[in-house]
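Engineer: coords please:
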Amino acid sequence: MSTHALHLRADDPKAVCVLVHGRGQSPEEMQSHILARLDAPDVTFVLPRAADGSWYAAKAVDPLTDDTRGALGAALDQLEGDVAAARRACPGLPLMLAGFSQGACLSLEYACSGRSAPGALVAFTGCRVGAPSDDRPLSLPDGLPVYLTGSDNDPWIPVQAFAEAALDLGRQKARLRTDLFPGRGHEVSDAEIAMMQTVLADLAHGKTPAMAAPR
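Structural biologist: Below you'll find the model as predicted:
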């Protein structure tokens with residue numbers, strides 16, 4: 001299967017967003033489930049594509065094995081290439097990295113890996129990949145705006161993993177806002193979409209994202 005990312009270029013872009021799909025999903029599903037609900041005409045979007053629909057086989061909360069580390073490393077390399085392509089397509093514009101579920105977890109790992117940093121990170125239902133006892137990178141840029149969400153009713157990202165990710169990001173000095181949505185299923189709520197839109201609008205206007213949208 002192709003790993004070609006989906007590129008959706010704005011006529012006069014002021015910002016660029018790399019949006020990573022979850023397990024068993026596709027860029028086209030992110031386009032219909034998330035982008036169709038956004039009002040961001042001045043943002044170019046790049047949507048990476050996993051070769052078989054998933055970035056790695058294990059659950060995010062499983063302890064890291066050699067196989068998972070290998071798959072995760074390959075996925076991070078692919079994402080790094082898509083981020084670089086987005087920067088080449090929109091030179092000098094602010095870049096936001098975002099993802100849903102497994103895509104949110106991969107985006108968090110990317111930001112913590114020390115690779116070329118985005119201007120902001122939005123992680124819809126995400127956590128760190130692996131167990132707290134695993135050796136994981138902690139190279140998040142100081143003060144990076146991060147919006148992290150979760151639910152107590154999500155089958156993939158338990159509340160404990162969401163909370164541990166928040167603790168991890170706080171220790172790395174993220175400029176962090178978290179929202180836990182009780183009872184919300186494995187989906188992106190309207191409130192999360194509204195927050196993503198405010199972050200993109202702030203970046204497009206050259207501002208540090210305030211992440212002040214109401215829940």
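
Engineer: In stretch 19-36, which residues are buried?
Structural biologist: For stretch 19-36, burial by neighbour count (16 or more other Cβ atoms under 10 Å) applies to 19-23, 25-27, 30-31, 33-35. Every residue, glycine included, has its C-beta placed from N, CA and C.

Engineer: scratch that, stretch 170-177 is what I was asking about
Structural biologist: Gln172, Ala174, Arg175, Leu176, Arg177.

Engineer: Please identify which of these is nearest to Pro209.
Structural biologist: Arg175 (8.2 Å; Cβ to Cβ).

Engineer: Can you give me the distance of that closest one to Gln197?
Structural biologist: Distance, Arg175 to Gln197, by Cβ to Cβ, to the nearest Å: 18 Å.

Engineer: Mind checking which of the buried residues of stretch 19-36 are in strands?
Structural biologist: Leu19, Val20 (DSSP state E).

Engineer: Report the two of the buried residues of stretch 19-36 separated the most.
Structural biologist: So, the buried residues of stretch 19-36 by Cβ to Cβ: farthest apart are Arg23 and Leu35, at 19.0 Å.

Engineer: rewinding a little: take the buried residues of stretch 170-177 and write them to JSON lines, including secondary structure.
Structural biologist: Listed next are the buried residues of stretch 170-177 as JSON lines, based on DSSP: H, G, I helix; E, B strand; the rest coil:
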{"residue": "Gln172", "secondary structure": "coil"}
{"residue": "Ala174", "secondary structure": "coil"}
{"residue": "Arg175", "secondary structure": "strand"}
{"residue": "Leu176", "secondary structure": "strand"}
{"residue": "Arg177", "secondary structure": "strand"}
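
Engineer: quick one on the thing from earlier: for Asp190, state which of the buried residues of stretch 19-36 is nearest.
Structural biologist: Ile34 (11.1 Å).

Engineer: Correct me if wrong: the closest one contacts Leu19.
Structural biologist: Yes - with contact defined as Cβ atoms under 8 Å, Ile34 and Leu19 form a contacting pair (6.8 Å).
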